[in-house]
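S.K.: heads up, no residue letters with this:
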């Protein structure tokens, strides 16, 4: 039987890299609800119909699915088992398939360039660097409240990365005229150091086929061990 739990009962989430994002999602969204069966299967749901599930158990996903409301649901960082279970019951409205990467604990070198942080003055610029239509309010909150890293040339950011509300690193982008200078690696090393200083294990999700980001991830000591899926459905 699944049951709800709070962060005081959820220290186990911090011990498994695959469950880290649940802890930080709940921390960032206090009104969201976490569910577990006490066996390492976890579900998350908030009032914006944002859902995340990690499980490999038919009974857990069936019970968790039953508590979700009807209507449009947005699933993030979802395990392969859950993705396949949902696919048998729904057509996906949209999908984004990723690999999950996490810091392997090996010593990180220091950046080779001077790296600072973003300010909210650059929300529009950051939005132009995403391959999807980014929510500018989400970007503003990320810059204002969480770790960011950026390299500036002539007072303007030319390469940057932010952290999402689950503390995953994302939106890495380098302006085309400033590529092949090693800026992206310096930015990622800097943001990893910032997260580790706060006691947060760095992790991220890289879209299938993004070989540039996959190769870069190895240089700042990231490893992958599981696919992770983002998708939307309409529950009737």
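M.R.: Received, thanks. In this text the structure is predicted, and so the values were computed from the model without any measurement.
S.K.: where along the chain do the helices fall?
M.R.: Using DSSP state H, the helices of the chain run over 20-28, 58-67, 80-87, 123-128, 136-145, 183-197, 211-219.
S.K.: list the contacts for residue 5?
M.R.: 34-36 (CB atoms under 8 Å, 6 or more residues apart in numbering). Quick note: C-beta positions are derived from backbone N, CA and C, even for glycine.
S.K.: still on that earlier bit, quick one: the helices of the chain as JSON lines, columns for mean pLDDT and mean neighbour count too.
M.R.: Conversion of these to JSON lines gives the following (pLDDT from 0 to 100; neighbours: other CB atoms under 10 Å):
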{"stretch": "helix 20-28", "mean pLDDT": "95", "mean neighbour count": "21"}
{"stretch": "helix 58-67", "mean pLDDT": "97", "mean neighbour count": "16"}
{"stretch": "helix 80-87", "mean pLDDT": "97", "mean neighbour count": "17"}
{"stretch": "helix 123-128", "mean pLDDT": "94", "mean neighbour count": "16"}
{"stretch": "helix 136-145", "mean pLDDT": "95", "mean neighbour count": "16"}
{"stretch": "helix 183-197", "mean pLDDT": "98", "mean neighbour count": "21"}
{"stretch": "helix 211-219", "mean pLDDT": "96", "mean neighbour count": "14"}
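S.K.: determine which of those approaches residue 174 most closely.
M.R.: helix 183-197 (5.4 Å; CB to CB).
S.K.: circling back: out of the helices of the chain, the one nearest residue 204 is which?
M.R.: helix 211-219 (7.3 Å).
S.K.: can I get the helices of the chain in TSV including distance to residue 169?
M.R.: Below are these laid out as TSV (distance: least, CB to CB, whole Å):
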stretch	distance to residue 169
helix 20-28	11
helix 58-67	27
helix 80-87	22
helix 123-128	13
helix 136-145	10
helix 183-197	6
helix 211-219	10
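S.K.: which among these is found nearest to residue 111?
M.R.: helix 183-197 (3.7 Å).
S.K.: so among the contacts of residue 5, which ones count as buried?
M.R.: Buried subset of the contacts of residue 5 (neighbour count, 16 or more other CB atoms under 10 Å): 34-36.
S.K.: closest one of those residues to residue 195?
M.R.: Using CB to CB, the buried ones among the contacts of residue 5 come closest to residue 195 at residue 34, 21.9 Å.
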